[in-house]
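**Student:** based on what follows, work out the 3D shape:
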Amino acid sequence: MLDPLPTTSIWFSRLVGSVLFLIGAFLVLGAAGALLSPSLRKQMDSTTVLIYSFVLIPIGAFCCFLGARFALQLHNKYGSLLSPLGWIALGIVFAVIASWAAFTTLATGDYSDLRAVIGAAFLAVCCFVNAFNVRACQCRPESRVQRGPDAP
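**Tutor:** Take a look at the predicted model:
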């Protein structure tokens with residue numbers, strides 16, 4: 001059984017989760033408002049609409065999801081905020097970002113963005129490692145978070 005978090009850590013994680021949720025809500029509502037506003041929509045080109053639709057809204061929704069789970073202390077049965085599939089999906093997102101940034105860095109010859117490539121690749125590796133660590137916890141019942149005195 002995992003030890004419970006100290007009270008200060010619980011309140012700090014709730015504060016961080018609330019801030020993350022608010023950031024996600026502002027992203028989703030701001031992007032949706034910009035897409036639905038007729039006056040702003042006339043000023044946008046198709047690339048801006050695609051960025052708002054396929055980048056900002058999913059990032060905002062993900063921040064809302066993770067912020068709510070973090071603020072409400074809703075860890076899954078493995079003690080993680082995401083399932084193994086969720087960590088793999090997040091790793092794939094970071095791997096795609098790293099690949100795209102590497103392609104544009106090599107295509108333009110401007111190597112000032114190389115730090116973004118390295119950072120996104122590092123985050124992708126961390127997500128994949130965490131996915132396999134969470135999956136390894138699935139095999140060991142003693143590593144699961146206990147939800148009460150009679151929890152399995």
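**Student:** ok, Leu114 touching Thr104?
**Tutor:** No. Taking C-beta atoms under 8 Å as the definition, Leu114 is not a contact partner of Thr104, at 11.0 Å. (C-beta placed from N, C-alpha, C; glycine too.)
**Student:** Phe65 is in what secondary structure piece?
**Tutor:** Following DSSP states H and E, one finds Phe65 within helix 57-71.
**Student:** could you say what helices and strands that helix packs with?
**Tutor:** With contacts taken as 3 or more C-beta pairs under 8 Å, 6 or more residues apart in numbering; DSSP states H and E, helix 57-71 sits against helix 7-36.
**Student:** what's the following helix or strand after the helix it packs on?
**Tutor:** Beyond helix 7-36 on the C-terminal side, the first helix or strand identified by DSSP H and E is helix 38-43.
**Student:** let me see the mean pLDDT of the next helix or strand after that following helix.
**Tutor:** Toward the C-terminus, helix 38-43 is succeeded by helix 46-51 as the next helix or strand (DSSP H and E). For helix 46-51, mean pLDDT is 78.
**Student:** show the pLDDT at the closest residue to Cys126 other than its chain neighbours.
**Tutor:** Distances taken as C-beta to C-beta, 6 or more residues apart in numbering place Gly91 nearest to Cys126, at 7.9 Å, with adjacent residues excluded. Listed pLDDT for Gly91 reads 90.
**Student:** go ahead and confirm Gly91 touches Cys127.
**Tutor:** Yes. Using C-beta under 8 Å, Gly91 is in contact with Cys127, at 3.3 Å.
**Student:** which residues does the residue nearest in space to the middle of the chain contact?
**Tutor:** Nearest residue to the geometric centre of the chain (C-alpha atoms, centre = their mean): Phe62, 5.5 Å. Residues in contact with Phe62 (C-beta atoms under 8 Å, 6 or more residues apart in numbering) are Gly24.
**Student:** now it: how far from Ser37?
**Tutor:** 24 Å (C-beta to C-beta, to the nearest Å).
**Student:** in what helix or strand does the residue nearest to Cys126 lie?
**Tutor:** Per DSSP H and E: helix 84-108 holds Gly91.
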